Structures are given as structure tokens and as C-alpha cells.
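*Asks:* Predicted model follows, preceded by the sequence.
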Amino acid sequence: MLKGFKEFISRGNVIDLAVAVVIGAAFGAVVTALVADFITPVIAAIGGQPDFSDLSFTINGSEFAYGHFINAVISFLIIAAAVYFLVVLPLEKMLKQPDAASSESDVRACPECLSMIPSEANRCMYCTSVVGPASAAPAPAS
């Protein structure tokens, strides 16, 4: 039982995920501090309110601190923008780089699943059906 647990913990993806969670939490704390200490006061200075975290209203003795919610939304938007512009967008651009070995003329549609496959392929990489040579005429239907 302990051997299986040790193997599970020793996997690279588990360790990578743990590191990502810790770094993500630290990044979240930095962004929250940035929002609370710099961005919120700038926005509040324009609107005339010194700090969003002081904004609240009371109903029947219950206080609703909507200013903290505004700070949390701003923090979320900044974190989402940072992840998008620093991780997602560069990754999409990297994946869209044209491969030197392939071009539009080097692919064709699989007759079974209509996925685009290399014209030299003998088997579809998506549905695994056997496909004939690209230049061969289709077999007559019976």
C-alpha cells in the first residue's frame, strides 16, 4: 500500500501540479495586494471614494461589505488577464506555428471521419480507418 502511494506521489505531474498550486496561491496574494494597495486607490481617487473595502450597507443589522467583493472582482480580472496574456496567448501562438514539413497541399480528408490527415497516410490518425493512396480513385459503391 505504501509503495503504491510512493509511486503516485513520485509522479512528475503530481509534483508539477503541487508546485503550480503553491505558485498560483502566491501569485494570487501578490495580485490581491496590488489591487488593494495600488489599483483600488487609483480607481477610488477618480470616483472620490478612498477605499473600496470600506463600502458596505446594512439591512436588519447584517452588514454587506460589497467593497471587498469589488476588490475580489478586480483581483480576479487581473489574474485572468495575466494568465491569458502570459500563458494562453503565447501557447496558442506557439501551437499555430506552421510546420515546415506540412502545408495545405500535403493533407486530405479522411473518407470515414472527414478529418484532415497527411496525404501520404495509409491509416487515419483519428478514426484509424484504412485509407487508400491519395491519388487512387475511390472504390465503386456496391
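*Replies:* Good, I have the coordinates.
*Asks:* what's the burial count for Cys124?
*Replies:* Cys124: 19 surrounding residues under other Cβ atoms under 10 Å. From N, CA and C alone the C-beta is placed, and that goes for glycine too.
*Asks:* number of nearby residues for the closest residue to it other than its chain neighbours?
*Replies:* Ranked by Cβ to Cβ, 6 or more residues apart in numbering and with sequence neighbours excluded, the top spatial neighbour of Cys124 is Cys110, at 4.1 Å. Cys110 is flanked by 18 other residues according to other Cβ under 10 Å.
*Asks:* And Pro41, by the same measure?
*Replies:* Taking other Cβ under 10 Å as the criterion, the count of residues near Pro41 is 15.
*Asks:* any idea how far Phe76 is from it?
*Replies:* Plainly put, Pro41 is 18 Å away from Phe76 if you go by Cβ to Cβ, to the nearest Å.
*Asks:* gap between Ser75 and Val22?
*Replies:* Counting by Cβ to Cβ, the separation of Ser75 from Val22 is 18 Å.
*Asks:* Name the residue in the two with the higher neighbour count.
*Replies:* Using other Cβ under 10 Å, the more surrounded residue of Ser75 and Val22 is Ser75, with 21 against 10.
*Asks:* Confirm Ile117 sits in a helix?
*Replies:* No. Using DSSP: H, G, I helix; E, B strand; the rest coil, the assignment for Ile117 is strand, not a helix.
*Asks:* Would you mind measuring from it to Phe38?
*Replies:* Shown here: Ile117 relative to Phe38, a distance of 52 Å by Cβ to Cβ.
*Asks:* Would you mind stating the distance between Asn60 and Val35?
*Replies:* Counting by Cβ to Cβ, the gap between Asn60 and Val35 amounts to 31 Å.
*Asks:* more crowded one of these two?
*Replies:* In this view Asn60 and Val35 are compared by other Cβ under 10 Å, and Val35 has more residues nearby, 23 against 4.
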